[in-house]
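Asker: One predicted model, sequence on top.
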There are 2 protein chains.
Amino acid sequence: MKAEIISIGSELTSGQNLDTNAQWLSQRLAEIGIVVGWHTTVADDFEANLDVFQTATRRAALVLATGGLGPTQDDLTREVLARMAGVELVLHADSLARIQEMFTSRRRVMPERNSVQALFPAGAEPIPNPRGTAPGIWMKHGASLVAAMPGVPSEMFAMYRDSVQPRLLAAGLGGAVQIQRKINCFGAGESAVEAKLLDLTRRGHVPEVGITVSDAVISLRILARAATPAEAQAQIAPVEATIRERLGEWVFGVEQEELEHAVAQHLEKEHLTLATAEGVTGGLIARLLTSIPGASGWYKGGVVAYQTDAKVQHLAVPHALIHEHGLFSAPVAEAMATACRIRFGADLGVSSVGIAGPGGGSTDRPVGLVWVGLSWDGGARTQTFSWIGTRKEVQSRAARLALNLVRLYKP
Amino acid sequence: MKAEIISIGSELTSGQNLDTNAQWLSQRLAEIGIVVGWHTTVADDFEANLDVFQTATRRAALVLATGGLGPTQDDLTREVLARMAGVELVLHADSLARIQEMFTSRRRVMPERNSVQALFPAGAEPIPNPRGTAPGIWMKHGASLVAAMPGVPSEMFAMYRDSVQPRLLAAGLGGAVQIQRKINCFGAGESAVEAKLLDLTRRGHVPEVGITVSDAVISLRILARAATPAEAQAQIAPVEATIRERLGEWVFGVEQEELEHAVAQHLEKEHLTLATAEGVTGGLIARLLTSIPGASGWYKGGVVAYQTDAKVQHLAVPHALIHEHGLFSAPVAEAMATACRIRFGADLGVSSVGIAGPGGGSTDRPVGLVWVGLSWDGGARTQTFSWIGTRKEVQSRAARLALNLVRLYKP
């Protein structure tokens, strides 16, 4: 059994407003074990609405709609549902009395037009709206249940929680629990990660394992559906253990954790301090680190040595080194990491050099090529990588590559 | 003639991620006069995808889809389109060569799995992807045109702009014109800005003028609808002139321009160079500046003096000054700005100090309080502000306050 969510309004299809109702409802339905198969957004047009409701009730056992219940002429949901059901709109006296009351209690006269909000397709039930004048509509159509709610988020949230969710559970639609676990990795590409998990990511695997990539961070999502939370967790635990075992040090965190959080935890745990020397990332490594509350406990500070001069003067990178290896090279990355470590009196120094683009590339050193370096008392390591991407993407991925070096440092 | 936009991915229908591609595409289509009638979001499920594409091609003359073109098993768009068309998937040799080339140029071996990205429904055309490995798919089905693009926003944006929009215009799909102009301001609150524009922002004004705020940047949006671009522009021009006249130096840019772009233009025009000394912003000012192509022409570099020690050692802020005025004070901000200007040999130095939170505040110096400083040869100025917000919001607004000082500097 799958659900469909319909969002109604030309302000949405025109791109003027961003629909967030569908996402919110999807999350709520997932919590009670109802899987959403489709979101549909439709303009304020009678025929298009009718078609969308007919399509939804053909393929989904539950249809939740938001919008189109206001008092104005472009609010069509009542009429569309009546037409689909082949019935008349009838006045619901209690609802009309309630709408009139809401105006009276605000010392206002109900505009005549608002009385349309008390019209319902014959056979449908009103759903109370504690926050506004538009009641919702609850009806059956064929094998589907349909609930139409207002588009105003605060009204819709209250109506869903107070009335719709209880009705869904009473109708036996929920029950199964859906729990999700997200595992975040860095250090390999999407295909390389999936190659280690093909048995888990195949269609039909229980629990479901999905893979997504964002800014060089690969996330595995384990989705378990079961009768109880404990059963869902019991599905997830062994799969998470397998993923962690196979991916090893690629795994750096779970849920919303980013690489900078992993670095912060690592430095705090090991009582290490860090300094930064940034070329290609231009301050982004520092920015990511200092976005974390308490960063002053382990982050000493850094230099953004954006021009060659700055690398020479402020990080004491020898001219000869730059001359011999080029500015974008492992030896320069290492020298910068060491220089900032010593200058800021930190345990670790991390650095970046490279070509963010769009200009500045060559055949030998193309745009997207970066080196990062890590220095500690007694050693250093560097790493290089090359990405295809915009300037911001290259900078963002280079910063993550550098943070990853810090995360993997073993004292 | 109406268009439908399809967004593909279980991370969207589950509510885990918010789809913003459909909104972006709706805005772009509106610009060329194509009305969007539907957005549909569908999970990674073969039958559900097939149904959604069949429904869309039945009711819409143009179908734009995003997602499902990656190399993994849950990427189904290629197969779904082939099934719908009743044709086989065939290998497009040029596309395969291009994908292999992208890996080779990065000195990497193409994972076997990526070769599926060179498969197309027989009769379909590949759409080049300048930013990634997945080409798009362009095909006709019945009376509809279908374009399938990647779900990664940056790849999709480039593919739409470079290839899809030109094809839509060439196919004669455009219509009445809607043109939008966005004017960006900094230096006053939303109410103060609106108070100067009440006659323009009232409902029913032609063209429509809206006001929005994001991270202390206020934007005015002028929306004109007309038969031709020239007529729409003729509506916009006098309103833009009025806004600029009334808001004066608050206006710093248009459309996607941020304060850092205004700073870059100003420095380039005046042939000035800049250095940074960051406390509370922790590298964010540098990061914003270096996100701009060509920043190395005018940005010398900077210091992230995150701990008190670093301010004393690397920026030569006298201990006595900190003792007398406190670390979070105008004199310290000024001293830091001057120190980085001199140390990096720049014309201007800009600085920030303050309390980002969540800890570290006091009754006297609450969380959210910042000072920014600007130093030039012969003078300096500082500015203070206090916001209520999260750590990231305080840092982000402090960086903007600092950039605004640079933008308003008159040599």
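Answerer: Nice, I can see it. Residues are numbered from 1 along each chain as shown, chains lettered A, B, ... in the order given.

Asker: Quick check on the closest residue to residue A:361 other than its chain neighbours: phi, psi?
Answerer: Counting by Cβ to Cβ, 6 or more residues apart in numbering or on different chains, residue A:367 is the residue found nearest to residue A:361 once chain neighbours are left out, at 3.7 Å. In short, each C-beta sits where N, CA and C put it, glycine included. Backbone torsions of residue A:367, given as degrees, to the nearest 10, read phi -50, psi 130.

Asker: And residue A:367, how close does it get to chain B?
Answerer: 11 Å (Cβ to the nearest Cβ, to the nearest Å).

Asker: was I right about that residue contacting residue A:328?
Answerer: No. Using Cβ atoms under 8 Å, residue A:367 is not in contact with residue A:328, being 10.8 Å away.

Asker: residues shared between the contacts of these two?
Answerer: Applying Cβ atoms under 8 Å, 6 or more residues apart in numbering or on different chains, one finds that residue A:367 and residue A:328 are jointly contacted by residue A:355.

Asker: what's the lowest-mean-pLDDT helix or strand in chain A packed up against?
Answerer: Ranking every helix and strand in chain A by mean pLDDT, DSSP states H and E puts helix A:308-315 at the bottom, with a mean of 72. Under the contact criterion of 3 or more Cβ pairs under 8 Å, 6 or more residues apart in numbering or on different chains; DSSP states H and E, helix A:308-315 touches strand A:299-304, helix A:319-325, helix A:330-343, strand B:299-304.

Asker: Present those as a markdown table; the columns should include mean neighbour count and distance to residue B:199.
Answerer: Rendered in a markdown table, the data for the helices and strands packed on helix A:308-315 read as follows (neighbours: other Cβ atoms under 10 Å in any protein chain shown; distance: least, Cβ to Cβ, whole Å):
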| stretch | mean neighbour count | distance to residue B:199 |
| --- | --- | --- |
| strand A:299-304 | 30 | 46 |
| helix A:319-325 | 12 | 60 |
| helix A:330-343 | 24 | 55 |
| strand B:299-304 | 30 | 41 |
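
Asker: Buried residues in the least confident helix or strand of chain A, which are they?
Answerer: Residues of helix A:308-315 classed as buried: A:310-311, A:313-315 (neighbour count, 16 or more other Cβ atoms under 10 Å in any protein chain shown).

Asker: wait, which of those is closest to residue A:264?
Answerer: Residue A:264 has its nearest neighbour among these in residue A:315, at 24.2 Å by Cβ to Cβ.

Asker: Check the gap between that closest one and residue A:60 for me.
Answerer: Here residue A:315 is placed at a distance of 61 Å from residue A:60 (Cβ to Cβ, to the nearest Å).

Asker: do residue A:109 as well
Answerer: On the measure of Cβ to Cβ, residue A:109 and residue A:60 end up 41 Å apart.

Asker: What residues does residue A:258 make contact with?
Answerer: Contacts for residue A:258 were tallied using Cβ under 8 Å, 6+ apart; they are A:184, A:217, A:288.

Asker: Need the pLDDT of residue A:256.
Answerer: Residue A:256 carries a pLDDT value of 87.

Asker: cool, and residue A:230?
Answerer: pLDDT, residue A:230: 85.

Asker: Just the CA atoms of stretch A:395-410, as CSV, please.
Answerer: Taking C-alpha atoms only, stretch A:395-410 is exported to CSV below (Å, rounded to 0.1, in the frame of the first residue of the first chain):
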residue,chain,number,x,y,z
GLN,A,395,37.2,24.2,-3.0
SER,A,396,34.6,22.3,-1.0
ARG,A,397,35.9,18.9,-1.9
ALA,A,398,39.5,20.0,-1.3
ALA,A,399,38.6,21.1,2.2
ARG,A,400,37.0,17.8,2.9
LEU,A,401,40.0,15.9,1.6
ALA,A,402,42.2,18.0,4.0
LEU,A,403,39.8,17.4,7.0
ASN,A,404,39.9,13.7,6.2
LEU,A,405,43.7,13.6,6.6
VAL,A,406,43.2,15.1,10.1
ARG,A,407,40.5,12.6,10.9
LEU,A,408,42.7,9.7,10.0
TYR,A,409,45.8,10.9,11.8
LYS,A,410,46.9,8.3,14.5
